[in-house]
Structures are given as C-alpha cells and as structure tokens.
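K.L.:
For reference, the sequence and a predicted model appear below.
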Amino acid sequence: MKKLFVVLFFLAAALSFAQQKYALVIGNGNYTGLSRLANPVNDANDMTAALQGLGFTVDKVLDGNLDQIENAIIRLKNRLSVSKNSYGFFFYAGHGVQSNGVNYLIPVGASISTENSLRDRAVSVQWALSELNDAGNDLNVVVLDACRDNPFAWARSGSRGLSVISNQPADSIVVYATSAGSTAADGTGRNGLFTAQLFKNIATPGLEANEIFRRTGADVAQASNRQQIPAVYNQFFGNAYFGSVPVVSAPSPQSSVAVGSITVTSAIAGEILIDGKGTGISVKDGGTATITNVSTGNTEVAVKEPNGVITKAAQMVMVQQGQTSTARIERPASTAVQPTPSPQPTPAPAAQPAAKPPEAPAQYKIGDRGPAGGIVFYDKGNNNDGWRYMEAAPVDFLNAEWGAYGISVTGTGTGIGSGKQNTELIIAALNQNKESGKAAQLCKVYTQGGYRDWFLPSKDELDLMYKNLKQSNLGGFQSGYYWSSSQYSGNIAWYQGFRDGNQLDHSKSLYKRNKCYVRAVRAF
C-alpha cells in the first residue's frame, strides 16, 4: 500500500487498520483570551476510546500548549518511523485559523497579538503533515476539527474557516468537516455534528475509507439542511479499511476470506453454534473446543444441547483476522449444576464462597497453577489479611462494559488488595441502577475449580498481571484492553492495554463499542 494521509478537519474520527497502529488525539477547548469551545475535550476523550477500540495505541493531549502539541507530533512520527508496516492517526479539535493560505492550529495559552505571531506561536498544519510524511510508514491519518471563525481581534474580513492545504501529500485524502472557507458548528450536544456522523459510519464493519467519508458527508449535509457540507480532496486511489475487511461470500480458490478462530469453553455439553449455525463440533461439560475459519466481526456463540435447548454466550465475540478469540458459555442460573469436588450448600448470600476443594500446596511461584486452576501472578510474602497470593482466571470475558456511567462509585481504590472491595462497591451501584452483565458482575458470578470468590482486579493488580504474566507470555491474554475495578471519575474508569502496558482512563459505557476484556482474579 502506498502512503496515505487522511486529513479530516473536524473533531472526531475513529479509524482502525491492521498492522501496528498509533494515534495522537488532541482536544483544545479551555482557551484564555479566546472563545472557549465546549466539545473538543469531549470529542478527544470519545475519539480516544473509539480508536483504542479499533486497536490503536493512543497518545492523548487535552488543552495542550505549543510545546506539548509539537512534541506529541514528533513522538507520533518517531513511533511510526520504527516500522514501515505501521499506520498513524493524528486527531485535533480546537481553534484553527488561516493566514495567507497557511493553516494553523491554536494552542491553549498562546499569546498571538498579531497575525505575524502565528508562525512562532501556533502549529502549522503543513509542518505537521511534513513531519508525518518523513516517517516513511504505510499510512497516516490526520484528523482536524478546526473549521471555525477566526477568534482573534486582528482577523481580517473573510478569513473564515481553513484554506485548502497547499502541497497536499501524494496518495492522500484531505477531508474538512466543512468546505474550505466555511465554518463548522461546534455542536450543541456532546459531540460536533461531523464527529457524531463519522462515529456512526466508521463503526460500520467492512466500509472502505472513501465510502465512510462519502456517507459521513451525505449525513452531515442532510442533518444540517445543507448548511454544512464536508469537503473531500482525494489523492489516494487505492483501498483502505479502517475496521474489518469485508468478508467475500463464496470466494474463488484464488481469493481469501478474512477469518479468525474462537476457543469456546462451555459449562454445558452440546454442539457449538456460530451465528445460529451448527459447526458439527461438540464440547463436553466443562470442556474446550476451538472453531477455525470464523468470519471476522462480531459473532454470536452458543451451545445446543442434545435436547435442543440453546444457551448463548453472555457477550458477542469480536473475531479478528488471523487471531484467536475466546468465548465462555455459562449454565443459566436456574439450571446451574453444582461443582463436583464437594456438595454445595443451599444457596447462600453472594458474599460467601461455595465449598472449596481440598487445600493445595502451601507455597506457589509466579506462573504456577493456583488452587482454583488459575495462574498465580502475585506473592506478597506473608499471609496477613487472610491471603498471600493472587491467581488470574484462565479465560477472559469478552466485550464487557464497566457500567455505572455517570455514577460516582465512592470508595474504589487503585492499590494491591483493593480489587475485592472495589468489586462489591461497583456491584452495589450497578444493582441500584438496575444494570446487569457488566465487568464486575461477570467476575462475581464466575466459578472456576469450585471457587466463587473471584473479583475484578484493581488498577495496580491489573498491572501486576500484565508485568508478571502477559510479558512472559503466560495466561493467554489478548493484546487488547482490560478493565480494572478502579474508578477514575463518574464517567471514567482505569483500564490497561496489554499490548504495551499503558494504563489509561476510559469511558465506562458511553458507546457500546467501548467494551474491554475482563479477567477475573482471586486472593488466597
């Protein structure tokens, strides 16, 4: 693929590509001396979540000054320079102006008293494009929502919006949220008009880049009664897919279909169904089987018992090309079979664990199998507080929301040993809000090896799993994002990328695509 630059002048885009993917997201709204903008920080947070959901490693800057923005652009270039086989995405939302045909992005805190000051105190869009062009990587996406009125007192009549970029890079697509010389609305809701429409189209599987922009442009024009018309300047004549590549039906022997695999662990014996169709592959009660050649995209997994009863997995499974996803089928609570190691008592309060198997050996090393069949990832060296070790469950829950969006769960901590209490606090808030199927709840009802005392790990406990297991290729973790039980704010919780170990704040459940993997843990 030749080099591609997609320059979107608006505040939101979520693109995903195969290979290594890196993004820079900037949201500037808290200006002093200029009109403040309501949406850029919201758009930047939401764009970060959307891009991360598509597999990008994201560097986010909120209300950045000149040095922070320029350094972040250089960091992105350096990341992309490591491998030609990488894709980049630069997203900016905030004030932007044009001067003599040159576009500039306005940092927060910049003192720009005259038009001549722009060259030294603002960020030239052409400079940013040139920096990324120098990386020599396969694909770059530059997203800018800066098509607003010039906010400076020295602004000349007619200097509205942005101008067409001079020296547009070859093999590029330049997209403005509105036509050159026009302005785009900041929006009255959480996101700008263009951003909201792009979110809708970019989440559609199998759309080629130009089709995404065509649909987004048409939607913006219709929603604004043609008061805002996006502009697309196309110097790219190939095909680029931000998400999954479309699956070709009935492929010829020479063609290939984008497929992956699903490893299914089931508490119910029967035939595995994929999207309602039989696979001919059966699984035993408590057994595991792998289904290959599954089309990419969101997939429904179920098990059909010999009596015809069908039980579906709690969540849809995202299948990615060439990768193996995991799914777990739980027996419905009304027909749950008690574990075999020892008879279970009559139903007890949720806080009380089920009867446990005999005690395992007294000492464990990192990477050993724990008494519940999980993988030991932490040893604190003593048995105070009733526990010494932590083990991670052997499988993931897929595509779960944190939940309790907009609700402050008071008392959650980030330290080692706080995950269990965090989980109880989160579940109390979820129950009060009548939510179900969220990350903490999935851990609470999880049963493995006869133990039912699992919980969602705290921020620091999650980091220990990454460092002690994932980095040693133990535990079968995905290179995706995993929830912690540590709240950041009423709308945000901590999570961690298991590709690079970065811990970031992430929207609890603003969009259904803002879902992460969940790995339950227990202390013993």
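P.N.:
Yep, that arrived. Residues are numbered from 1 along each chain as shown.
K.L.:
which residues in the stretch 301-450 of the chain form helices?
P.N.:
Counting by DSSP state H, counting those that start in this stretch, the stretch 301-450 of the chain has helices at residues 419-432, 439-444.
K.L.:
Isn't Asp385 up against Gly417?
P.N.:
Yes - Asp385 is within contact range of Gly417, at 6.9 Å (criterion: C-beta atoms under 8 Å). For glycine as for every other residue, the C-beta is placed from the backbone atoms N, C-alpha and C.
K.L.:
Looking at these two, which has the bigger crowd around it?
P.N.:
More crowded of Asp385 and Gly417, by other C-beta atoms under 10 Å: Gly417, with 16 against 9.
K.L.:
what number of residues lie near Arg215?
P.N.:
Neighbour count for Arg215, taken as other C-beta under 10 Å: 17.
K.L.:
I'd like to know which elements the helix or strand hosting it is packed against.
P.N.:
Per DSSP states H and E: Arg215 is located in helix 209-223. Contact analysis of helix 209-223 by 3 or more C-beta pairs under 8 Å, 6 or more residues apart in numbering; DSSP states H and E lists strand 4-9, strand 172-176, helix 193-202, strand 231-234 as its packing neighbours.
K.L.:
Save the ones you listed as JSON lines, and put in mean pLDDT too.
P.N.:
Listed next are those as JSON lines, based on pLDDT from 0 to 100:
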{"stretch": "strand 4-9", "mean pLDDT": "50"}
{"stretch": "strand 172-176", "mean pLDDT": "75"}
{"stretch": "helix 193-202", "mean pLDDT": "79"}
{"stretch": "strand 231-234", "mean pLDDT": "74"}
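K.L.:
nearest to Val108, of the ones you listed?
P.N.:
Set against Val108 and scored by C-beta to C-beta, these come closest in strand 4-9, at 18.8 Å.
K.L.:
Any chance of CSV for the helices and strands packed on helix 209-223, columns mean neighbour count and distance to Asn45?
P.N.:
What follows is these, written out as CSV (neighbours: other C-beta atoms under 10 Å; distance: least, C-beta to C-beta, whole Å):
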stretch, mean neighbour count, distance to Asn45
strand 4-9, 26, 17
strand 172-176, 25, 21
helix 193-202, 24, 12
strand 231-234, 16, 26
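K.L.:
Out of those, the one nearest Val303 is which?
P.N.:
helix 193-202 (33.3 Å).
K.L.:
helices and strands around that closest one, which ones?
P.N.:
helix 40-53, helix 209-223.
K.L.:
let's go with 10 Å and repeat that
P.N.:
With contacts taken as 3 or more C-beta pairs under 10 Å, 6 or more residues apart in numbering; DSSP states H and E, helix 193-202 sits against strand 4-9, helix 40-53, strand 139-145, strand 172-176, helix 209-223.
K.L.:
Would you mind finding the most buried of those?
P.N.:
strand 139-145 (a mean of 28; mean count of other C-beta atoms under 10 Å).
K.L.:
mean confidence score for it?
P.N.:
Mean pLDDT, strand 139-145: 80.
K.L.:
now could you export just the CA positions of it as PDB?
P.N.:
The C-alpha trace of strand 139-145 is given here as PDB (Å, rounded to 0.1, in the frame of the first residue of the first chain):
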ATOM      1  CA  LEU A 139      -0.500   5.100   6.200                       C
ATOM      2  CA  ASN A 140      -1.100   8.300   8.100                       C
ATOM      3  CA  VAL A 141      -4.500   9.700   9.200                       C
ATOM      4  CA  VAL A 142      -4.600  13.400  10.200                       C
ATOM      5  CA  VAL A 143      -7.900  14.500  11.700                       C
ATOM      6  CA  LEU A 144      -8.500  18.200  12.400                       C
ATOM      7  CA  ASP A 145     -11.700  19.900  13.500                       C
END
